[in-house]
Each structure stands twice: as C-alpha cells, then as structure tokens.
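Asks: 3D, please:
(chains A and B)
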Amino acid sequence: MKKPDAHQNNPAQIITGVPAIGLRPANQIMTLARMGSFHHSRLSFMRVLLRRLKAENWQFKRSRWNIDENGVGTATYEAIGPKRSYTLVAFAHDLPAEKRSDRVIAEAWDATFTLHDGLIDDSDIERLEKNVPLQEAGRISNGEFVLSRANRSVRLFDYVRDCLARGTQPSLDKIEPIGYLMRTTAVYGSGKFGAADRDLWATRPEFSGSFQPELLAVWLIRSFTIDIVEHMAAAKSPQTAVSLDPKIRRRIGVGNSTGLGMAPFLINHPSLVHSWINARETALARVRNLPSTDRKGLSNFLTLIARAAINADEWKSDSPYQIGKTQALRDDLANLGAFVSATSADAPYLWNRIYLWGEANLSLEGQEQLVSLLLEDHGSLIDDLATGMAADETIHFRIDGAMPLSRLREMMNTIYHWTDKIDYTRNDALARVWYVSEEKLEPRLGERFDEPIEPYEQPLAPGRDAVLAMIKIDEWLAKNENKNNVAQFLLQHPEHRHIVRRAQTVSKLEYAEIQDNTISASMQPIDLLRCKLSFFGASKFDPRSDRWLRITMYQGAPFPDELACLDPDALCYPPIAHSDHPDH
Amino acid sequence: MTWSIGEIGALATKAARGSGLDWGLAEEAGYAVKWLQRRQLPGVMALCRYLSWRHHGNLTSWPDETGAHGHYCPITIGAAYGDGAFGDEVQFSRIKTPLLLIPFVAIRITKKPLEINIGSSRFYLAKDQIGYTNNDTAILGDSAPCQISIVSTSMPNITVTIVSDLQRVPATATACVSVLENFAKNTYAPATEESRLAGAGAGLNEND
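Replies: Numbering: from 1, shown residues only, chains lettered A, B, ... in the order given. Predicted coordinates for the structure are as follows:
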C-alpha cells in the first residue's frame, strides 16, 4: 500500500516534544478500500445513544404484550426521558417460512415496527395496525419517526426457542458467530412513507447527532426479539421453559441485512459524511497528541486488543473478500499485541507511536481497527465530538453564482486531483451504472455496456462528472473571457449544475468527497455500506455478495433493564472469557 | 393522507428529472416545491402543472430574441436568478407557472425586501417573511410576465405567512402527487430477469 506523504507525523518532532500532530489527510482516508475497513468506535451512533440514555436516566417499560401462542399480536415498549417519551410499537406476524426473505423486495415479515412520538393510545395502535405491517405500501404520520421490519434468523431463532422450552440455556458457541435472533431488513426514518420530517425532531437534544430515532427503535426491537423467543418457548412448553440468562442474552444483538439502498447515501450526503469522518479524525488526533500515559492506560489498551482479537476470531463470513480481510485483522491484532507488550508506558507520545507503527505495519482493516481501539479509553477527551456529527445540508445547497469560473476551475482541479489517475475513456472506468429499479424503487448497480440502463443513470459518479465539467469549463473560458462567472456558465450549461454545486460544497469540507471511481469495474459497493454501518456502530460485517451484507447491532450492549447498572462502553467488545463477564 | 415535506421534495426532484430537466435543475425543483409547501403555497400543484405543460409546451431559453412567444422555464430561470445571472432587478416576458419562480427570488434577499409582479399578483419577500396582494392562483399556475424589483421603502402592510418547518402536504394534493409519481417513473429502469438477480447482488442464500 502506498504510504501517505510525509506530512505532520514526524517522529523527530514528537521526541523533541512538539505535538504537532494534525488530522490525517483526506487523500489517505477517503478511498473506498479504507472506508470499507472502518470499525465501530465510541463515536458510533449506537454508542452515543446509549451513553445519553444512561446519563439522563431514561426509564423503559414494556407497556403492552398482546401476543398469542402462535406469536401473533401487538406489543409496545416505552422509553421515558426527562422531557419526552417515545413508544416502539411492534406487530408480530405468523410468517410462512417460504415468504421469509432478507431482501427489500419482500412483502411480508415476521415482525413490523414503528417508533411513535410520545406514549400511545389504542386508537393510534389501531391506525398503525392497518399500515405498519404493509411497510412501504402503508402510510405513517407526523406522529411516527421510524418504520422498520425484521425476520427471524433461521440459524438461531428456533434453536434458542427450543433450548429455552427444554429448560436449558443456548450455547454461546452457537450464538456468537451469528449474534442475533432477528434481522431488520430496513429501518426507515426522516419523512419516509409519511413519517415526520427530520425538522420536527432534529432540535430535540436526545436526537442530536445522526440516526438517533432509528437506533433507539432498533435498540427497543432488540428487547422485542428476546421477549418473543421467550414467549414462544413458554408457549411450546409452559412447564419447563426458562428465560435467557442475562449474560447470554447480552451477547444477542439485532441483525441487519443491508443492500444497495444504503450505498448512494454516502455520495448523496457529502457534508454529513464530512461531519462524521471529521469527528473521528479529530478524536484520533487528540489521542495522538497526548504527551504521556501510564501503566494502567497501557494495560487497559492491551486488554482491549485481546478483546478485539476475540471479536475478530468470532467474526465469520463466507465472503472471500471479507475472509481475507478478517484473517489479516487477526494477524494484525496479534502483531499489535506483541508490539504494545514490548513498549514502555514511559515512552513520550505513546499513543502516537503505536498509531505510526500501525500505519507502517498493519493492513487497512487493522489500521482502522487500531484507530477505534485508540479512541476507546479516551471518552473524556473525545466524547464531546459526537454532538458535531450532523449537518445542516441546506446551507450548502445554494450555488455561489458570483464565483469567477476560473476560480471554480482551480478549485475543482484541487478537489478532483485524484481523477488524474483515472482514464474515463476506458470502458472499465465507466463499467457501472447506478440506477433505480422500477420494480422496487431501490438503487441498483448495472453494467453500462451490457444492459440498456444508461438513460436511467443516477448522478453518483462525481469523479467522472467533475472531469466532464472541467473540460466544458476550459472550452467556455477559452471562448467567453467576458462571461467569467459561474452563474453565466450554468445558465448555458445546466447539465453541469449538480457537479458545480457539489464542488462548491466539498471544497469547504475536507472529508466530504470519496476520492475513488464509484462506477469502475473493480468498485466494491459493500465498501460504501461498511463505512456507513461502522458509524452506526455495527459489527461482524458479513458480505453476502459484493452488494449486500449482514451485520450485528448492539451485540454485547446492555438491555433497557440493565442500562442503569452497566456501562455500555465497557461492553462493546466481547469479554475476555464468557464465563467471567464484566458486570460493571 | 398527507405527505412529509421531505418525501414530496424527493418526489419533485425525481419528477422534474423524469420530465427531462438536468439533475442539478431537478434538485432546484425539489427545493422550490418544499419552499412553497412549507409556506402553505401550492408547490405540488405548480410543479404538476408545469411538468404537464412542459411535455408539449413551447419552451424557450434565455435570452429569447426570436419574438416567437415561447415561455421560460420557471426552474431554469429561477435557478439562474438565484445564482445572480441577471442582477436583482429584471423583467421576463413570459414565465410558465410563475409561482415556481418565487422560491428563487427569495434566495436573493439580503437587506432589502424584493417585490415580484406576476401579472396582476404582487408578492413581497423579506427575510423569513412572505406577503402578497391579489394572490391570483390562476395566473400563478399559468403563464405571465414577471418583474422583480427591490422594495425601496419599508415592507408594505400586507398579510404575512409565518414560515413553519412543520407543515405537511395536505390531502388536496393527491391528484397532483399522482401526476408527479408518473413523471418520476421515467427515472426508473424497467426490471429484467437479469437485473432482478444481479442488480441487487442476490444469488446466495438470503434467508438465514
């Protein structure tokens, strides 16, 4: 791998005590291969949510459980905060096995959900019962923030139910590699299908940051998945059935199956992506700039590496792409552990030394795992950054038409310098087309030269579009010396308007643009999914092809009835020994 | 049935693109419809009418020096006005569905309010304020000459609509939403057996 340019990380400077360690440059970070190697961290949105709920002493209650012996009915879960409350409404269905599908094109699910604003009455439940089970074909209202659904894991649900029905606990060896009883196959928010616009709740402190209503819903869905499996076990064998042991229960998260629907998000929301990555990079720089640590800090870090190694060992995938990456990660963590063990806690700028060693010696997967581990024990130093992980995208929408066109051209040259190494006249550089399918209104990826889809192309290739615009701007500047501003150019060339808007936006935001060809033959769409899901806080990425993957959310996290007495941040990696679970 | 502003904005963008506008202008159509609907003005109706007309209408581009009675696109002209292509004060001979022009005029408001004369209707725009006299929806949804000028004195004493971010698009827009959905369909690729499998990356066991 090409090393970054010799930037500010000069070891000589560090040794002489000048902590001039800046943020990692965008050209090092914003490649698909690296973004596709990101891991969850304490700035991930699930972690941010649970810290807030705990700090504010939110209370939780299963307020309805009207589920019959076949597992059909309605349940509600209340989250009661200092100022406002929310209710997860769950509809449990009896789904024939042949109808169970992870894909977004499914039309029926084992359970469907919505997050309601406030406590709910029966008339609202009646309204929602007519709509939520239909998902995209139904409508929710200003009173709902999230729409979701989930399917049972064929691999695990019945096994856990049967164990509990017999009066035994399921084996952690069976649970760990899967990590969930049910998988959500979509979690919609922000105005979708009639839900409230983001503007309605964006200023509520409990939802500051990104995707907080969606992740509150998922966390409550996790409780439902446990309740329904225990309920089904009791229905099967009321005399012998037992509940899940809390330590085993905690190793069960919520699965998620994610396809290309999520992929364009990172391209379509550059200012938001910048806010996420900028927070993470700022956090890393803060840690690297710490001049010293102590033996306890170093010892804690070694324990963390060991726990991350357990996580890597338990990380199973059939994907050759991920198998190679995960194996490299296992080797990396072993080598990292050896390096850190041999390092003195007295070394100046220890965390930076470790980081630089990692940059020189680890795979991308290992380097980005190291970044997450370095952040882990420094909450007081970095947790404040979570509040900045959001963006008002409207402030970047307006085009600066008065900007001299020559200035825009210079700017684009700087932003899109990475396109110099891409030959857009070659078919392999243009091989893919992002389009939306008529059948399910979902983003898809097709082959430009094999399928009749080019007329439907979505604007998701900023590199190519920037190159086309720069060519046209050069022609214009050669011919129109007296019309040298962006407004005049765009009036005659509206076909470049979207990329000009983008260029002006990303020029102000270091980490807004992915510096890779998003339509090349070799592009891996799952890298886009992985990056976004790591910011959510997901783990155990399991690509099922190059276009969709399964993940686990909240595995190890406390349940609502445990939040007051457990530290969610202490539980995000597996414990050293499952029999010795840290009940902090 | 009502709609969130966000989903209507996304639909407007797709509908405009499906009607043939370039992506950057389609995004402007989404902006315009959201701006109007947030102020309880019929943005969905306006875009529905404009796109329906645009299909067969006599559209012209700036500057039209042919005298052939073509109509300017309110989104193309509006976006250019918002960019500052014409200066603050300008006159257009015929703008189709001129209600859609107003959100773009709002972009140029800095210190002084702006006045827009659309046929016999007159709109005033100041920061966070919109007012009008003789709000003639027939003209606003049809075609009219438009003149934009700076209000040199104070804002006139007129009705002011309070801007709210919490509006919904009401059920009265149902028919127009259907029209926009039809235009949006032009952006969707018809499925083939091959794309059903390959496009979403299926093929492995998806159910466990």
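
Asks: Low-confidence stretches in chain A?
Replies: A:1-19, A:101-105, A:578-584 (pLDDT under 70).

Asks: the helices in chain B, which residues?
Replies: Counting by DSSP state H, chain B has helices at residues B:5-18, B:23-38, B:43-54, B:74-83, B:102-107, B:137-140, B:174-185, B:193-198.

Asks: Could you export stretch B:99-116 as CSV, CA atoms only?
Replies: This file holds the C-alpha atoms of stretch B:99-116, laid out as CSV (Å, rounded to 0.1, in the frame of the first residue of the first chain):
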residue,chain,number,x,y,z
LEU,B,99,-45.4,30.6,-8.7
LEU,B,100,-42.3,28.4,-9.0
LEU,B,101,-40.2,31.4,-9.6
ILE,B,102,-40.8,32.9,-6.1
PRO,B,103,-38.6,30.5,-4.1
PHE,B,104,-35.7,31.5,-6.2
VAL,B,105,-36.3,35.2,-5.7
ALA,B,106,-36.2,34.5,-2.0
ILE,B,107,-32.6,33.4,-2.4
ARG,B,108,-31.5,37.0,-3.3
ILE,B,109,-33.0,38.7,-0.3
THR,B,110,-30.2,40.2,1.8
LYS,B,111,-31.0,43.5,3.4
LYS,B,112,-33.8,44.9,1.2
PRO,B,113,-37.1,43.1,0.5
LEU,B,114,-37.9,42.2,-3.1
GLU,B,115,-41.2,42.7,-4.9
ILE,B,116,-42.4,40.4,-7.7
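
Asks: Residue numbers of the stretch 151-300 of chain A in contact with chain B?
Replies: Within the stretch 151-300 of chain A, the positions adjacent to chain B are A:151, A:153-155, A:190-200, A:257, A:259-260 by C-beta under 8 Å from any C-beta of the partner chain. For every residue, glycine as well, the C-beta is placed using N, CA and C.

Asks: Okay, B:Ala184 and chain A: tell me how far apart.
Replies: As for B:Ala184, its distance to chain A is 9 Å (criterion: C-beta to the nearest C-beta, to the nearest Å).

Asks: For the closest residue to that residue other than its chain neighbours, give me its contacts.
Replies: Of all residues not flanking B:Ala184 in the chain, B:Lys14 sits nearest, at 3.8 Å (C-beta to C-beta, 6 or more residues apart in numbering or on different chains). The contact partners of B:Lys14, by C-beta atoms under 8 Å, 6 or more residues apart in numbering or on different chains, come to B:26, B:180, B:183-184, B:187.

Asks: one more time with 10 Å, if that's ok
Replies: Counting by C-beta atoms under 10 Å, 6 or more residues apart in numbering or on different chains, B:Lys14 makes contact with A:436, A:441, B:26, B:29-30, B:180-181, B:183-188.

Asks: Could you do A:Ala390 as well?
Replies: Going by C-beta under 10 Å, 6+ apart, A:Ala390 touches A:198, A:202, A:207-212, A:271-272, A:275-276, A:279.

Asks: Between those, which sits nearest chain B?
Replies: Chain B lies nearest to A:Arg198 out of these, by C-beta to the nearest C-beta, at 6.7 Å.

Asks: burial of the closest one, as a residue count?
Replies: 18 (other C-beta atoms under 10 Å in any protein chain shown).

Asks: tell me the average confidence for stretch B:122-130?
Replies: What stretch B:122-130 shows for mean pLDDT is 83.

Asks: Name the residues of that stretch that are buried.
Replies: B:122-126, B:129-130 (16 or more other C-beta atoms under 10 Å in any protein chain shown).

Asks: Just the ones of those in strands?
Replies: Using DSSP state E, the subset of these located in strands is B:122-126, B:129-130.

Asks: could these be laid out in CSV, adding distance to chain A?
Replies: Output for these, formatted as CSV (distance: C-beta to the nearest C-beta, whole Å):
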residue, distance to chain A
B:Arg122, 25
B:Phe123, 20
B:Tyr124, 21
B:Leu125, 15
B:Ala126, 18
B:Gln129, 18
B:Ile130, 17
